[in-house]
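Trainee: I would like the atomic coordinates for the input below:
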Amino acid sequence: MAYTTINKSSDYFNTKLYTGNGGTQSITGVGFQPDFTWIKSRTSTKDHMVFDAVRGVQKSIRTNQTLAEDTSTEYLSTFDTDGFTLGGNGKVNGGSTNYASWNWKANGQGSSNTDGSINTTYTSVNTTAGFSIITYTGTGSAGTIGHGLGVVPDFWMVKARSETRAWYGWSKGMSYGDVVNWSSNGAKSTDTSLFTSNAPTNQVINLGSSVGVNNSGQTFVCYAFSSKTGYSKFGSYTGNGNADGTFVYTGFKPAFVIIKNSSNAHNWTMIDNKRLGYNDKNYILFPDLSNVEPTTSETDILSNGFKIRASANGVNQSGNTMIYMAFGQSLVGSNNVPCNAR
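Mentor: Model (predicted):
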């Protein structure tokens, strides 16, 4: 079997921790120029701030809010060759405040994609890493947008930019036509006016006519991902309701994991390998909440996947389906085939 291999996953994803200074600050050590950066204060109650090179570096949206996009040089002002530069706003750079940033590489601003019935304004795609950033203007009629991944996507999220709307998305482990969103702890629902029951293809994602994803004349952004052997994986597992929870095989040592109980209303949870980063002590944050970082964890990062170490309903409710995304490091053998990370 042929694989598109990633010899160094930190060329495409990296978590960078830093301490704010209350003024202008350049954050280095990311390892590449990011095209998508997600920032959250660990020690103060602030929103999750999302920036990308396609919408424009100074434009932010928030995973725990339904607010429209806003623009400010006091948030993230530039993407740089080894990181990014910040202004002095407390959401991203408050004095003596600890922050986590999660960074992905796409392909700059990209260009228009005409594969779908709705031509995208820009589609920035990194086929090696399975990541695409898509902007488009809604038509009000069901249609398709081109994602550029070259394979069927395993996860996507759509957010209205020009008006207040929830985030709407889909993940592998759900049925087509189902919807979940980052800005809510709600369970998945079925709404084919958001995403139709038609399966996506290796070229397009299917949109319904709902104002949430396709309001006529309004602008939207979509983040789409596909699994890459040895680097990323998207899927689901079933909770067992006890402290000896489910083991989820990824084929690599995860560096970043997000989990959502899609069967019931529980908060999204996220861990990474930099915030303490060993054994089962990886501190959690909640993409749908502005809460500070609790000094607890429910998930153990292992050499070839992750294991749930708690009965918490958000990650392990008995009989419930949990959807997840995971990114990590990859190791490639002499035969150019990915092997388990360690």
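Trainee: Alpha carbons only: can I get stretch 257-275 in CSV?
Mentor: Taking C-alpha atoms only, stretch 257-275 is exported to CSV below (Å, rounded to 0.1, in the frame of the first residue of the first chain):
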residue,chain,number,x,y,z
VAL,A,257,-6.7,15.4,21.1
ILE,A,258,-10.3,16.8,21.1
ILE,A,259,-13.2,14.6,22.3
LYS,A,260,-16.9,15.2,22.2
ASN,A,261,-19.7,13.0,23.5
SER,A,262,-22.0,13.2,20.5
SER,A,263,-24.8,11.2,22.1
ASN,A,264,-25.5,13.6,25.0
ALA,A,265,-25.0,17.2,26.1
HIS,A,266,-21.5,17.4,27.5
ASN,A,267,-18.6,19.9,26.9
TRP,A,268,-15.9,19.3,24.3
THR,A,269,-12.5,18.6,25.9
MET,A,270,-9.0,19.1,24.5
ILE,A,271,-5.6,18.0,25.7
ASP,A,272,-2.1,18.3,24.2
ASN,A,273,1.4,17.0,25.0
LYS,A,274,2.8,20.4,26.1
ARG,A,275,0.6,21.3,29.0
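Trainee: just the helices in the stretch 201-342 of the chain please.
Mentor: 211-214, 313-316 (DSSP state H, counting those that start in this stretch).
Trainee: Which one of those lies nearest to residue 324?
Mentor: helix 313-316 (8.9 Å; C-beta to C-beta). (Glycine included, C-beta is placed from N, CA and C.)
Trainee: Which elements pack onto the closest one?
Mentor: When contacts are defined as 3 or more C-beta pairs under 8 Å, 6 or more residues apart in numbering; DSSP states H and E, helix 313-316 packs onto strand 253-261.
Trainee: Give me the mean pLDDT for the strand it packs on.
Mentor: Confidence over strand 253-261, taken as the mean pLDDT, stands at 96.
Trainee: in that strand, what counts as buried?
Mentor: 253, 254, 255, 256, 257, 258, 259, 260, 261 (16 or more other C-beta atoms under 10 Å).
Trainee: Stretch 74-85 now?
Mentor: By neighbour count, with 16+ other C-beta under 10 Å as the criterion, the buried positions of stretch 74-85 are 75, 76, 77, 79, 83, 84, 85.
Trainee: Check stretch 114-126 too.
Mentor: Taking 16+ other C-beta under 10 Å as the basis for neighbour counts, the residues of stretch 114-126 that come out buried are 115, 116, 118, 120, 121, 122, 123, 124, 125, 126.
Trainee: Distance check, residue 30 against residue 38.
Mentor: Spatial separation of residue 30 from residue 38 under the definition C-beta to C-beta, to the nearest Å is 12 Å.
Trainee: Return every residue with contacts to both of these two.
Mentor: 101, 103 (C-beta atoms under 8 Å, 6 or more residues apart in numbering).
Trainee: State the pair within the buried residues of stretch 114-126 that is farthest apart.
Mentor: The widest separation within the buried residues of stretch 114-126, taken as C-beta to C-beta, falls between 118 and 126 and amounts to 21.7 Å.
Trainee: And the strands in the stretch 51-200 of the chain, which stretches?
Mentor: Here the stretch 51-200 of the chain has its strands, by DSSP state E, counting those that start in this stretch, at 59-62, 70-71, 76-80, 83-86, 98-104, 122-126, 131-137, 143-146, 155-160, 168-171, 178-179, 189-190.
Trainee: next one: the third one to chain centre, how far?
Mentor: Spelled out, it's strand 76-80. What separates the centre of strand 76-80 from the centre of its chain is 19 Å, taken as C-alpha atoms, centre = their mean, to the nearest Å.
Trainee: By mean pLDDT, which helix or strand of the protein comes out lowest?
Mentor: For the chain, counting by mean pLDDT, DSSP states H and E, strand 331-332 ranks last in confidence among helices and strands (a mean of 46).
Trainee: the domain parsing of the chain - what is it?
Mentor: Here the chain is described, according to automatic domain parsing, as comprising the domains 9-104, 122-225, 232-339.
Trainee: Minimum distance to residue 111: which of these has it?
Mentor: Each of these was checked against residue 111 via C-beta to C-beta, and the shortest separation belongs to domain 122-225, namely 6.3 Å.
Trainee: Chain neighbours aside, what residue packs nearest to residue 295?
Mentor: When the adjacent residues along the chain are set aside, residue 295 lies closest to residue 283, with 6.1 Å between them (C-beta to C-beta, 6 or more residues apart in numbering).
Trainee: actually residue 34, sorry about that
Mentor: Of all residues beyond its chain neighbours, the one nearest residue 34 is residue 103 (3.9 Å), with distances taken as C-beta to C-beta, 6+ apart.
Trainee: Is it correct that that neighbour is in contact with residue 17?
Mentor: No. With contacts counted by C-beta atoms under 8 Å, residue 103 stays clear of residue 17, the gap being 11.5 Å.
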